[in-house]
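[1] Sequence and computational prediction follow.
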Amino acid sequence: MRYWLMKSEPSAFSIDTLAALPEQTTAWDGVRNYQARNFMRNQMQIGDQVFFYHSCCSTPGIVGIAEVSQLAYPDVTQFDPASKYYDPKATHENPRWFNVEIRLLRKTRLLTLKELRSYPELTNMRILQKGNRLSITPIDPAEWKFIMAKL
DNA sequence: GCCAACGTTGGC
DNA sequence: GCCAACGTTGGC
């Protein structure tokens, strides 16, 4: 089993949006970055654990724990001309973009980016590196354990 | 709103 | 295959 961190902008889709859904499950669609896609398509397994992270907000940080509840399948928004995630180069025969589904396990306190930066144990985290923009990043098991103990 | 960093596109 | 231009991300 692997561990991940997945970013979402709360103005678009927050932890509370997820919590309010009937099954507390959502398709992680709209990812248009090849590295992030490859993580979902090639590596994510059902049961993988996920930190849900709020980015692009006044206080970015980890706000919840989720798990992968469905393996990757073609992202339906790439075929929808009305969607802002529409990709004219994608076809049903040869889809470009994939998404997993995740289910909320629980909300947590807000563990801020600032606090993450304060722990020497976490200095190698991808999300703390300068210039990092990747919306899905793997988390080291030791880092996962360390963060869990702080939540 | 600013700006640095990064990814993607497209001309050559 | 290179690289400049452009668009996007995301912290501050």
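    All right, it came through fine.
[2] Kindly report the residues of chain A close to DNA strand C.
    A:7, A:9, A:32, A:55-57, A:60, A:113-114, A:127, A:132-135 (C-beta under 7 Å from any atom of the strand). No exception for glycine: its C-beta is placed from N, CA and C like everyone else's.
[3] Which ones among the residues you listed lie within strands?
    Mapping these onto strands (DSSP state E) picks out residue A:7.
[4] quick one: which two of the residues of chain A next to DNA strand C are the most distant?
    The span of those, defined through C-beta to C-beta, is set by A:32 and A:114 at 28.6 Å.
[5] Work out the gap between the biggest helix by length in chain A and the centre of the chain.
    Longest helix in chain A, counting residues (DSSP state H): helix A:141-150. What separates the centre of helix A:141-150 from the centre of its chain is 17 Å, taken as C-alpha atoms, centre = their mean, to the nearest Å.
[6] could you turn that helix into PDB, dropping everything but the C-alphas?
    Output of helix A:141-150 as PDB, limited to C-alpha atoms (Å, rounded to 0.1, in the frame of the first residue of the first chain):
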ATOM      1  CA  PRO A 141       5.800   5.700   4.700                       C
ATOM      2  CA  ALA A 142       7.900   7.300   7.400                       C
ATOM      3  CA  GLU A 143       6.600  10.700   6.600                       C
ATOM      4  CA  TRP A 144       3.000   9.400   6.600                       C
ATOM      5  CA  LYS A 145       3.500   7.900  10.000                       C
ATOM      6  CA  PHE A 146       5.100  11.000  11.300                       C
ATOM      7  CA  ILE A 147       2.300  13.200  10.100                       C
ATOM      8  CA  MET A 148      -0.500  10.900  11.300                       C
ATOM      9  CA  ALA A 149       0.900  11.200  14.800                       C
ATOM     10  CA  LYS A 150       0.500  15.000  14.600                       C
END
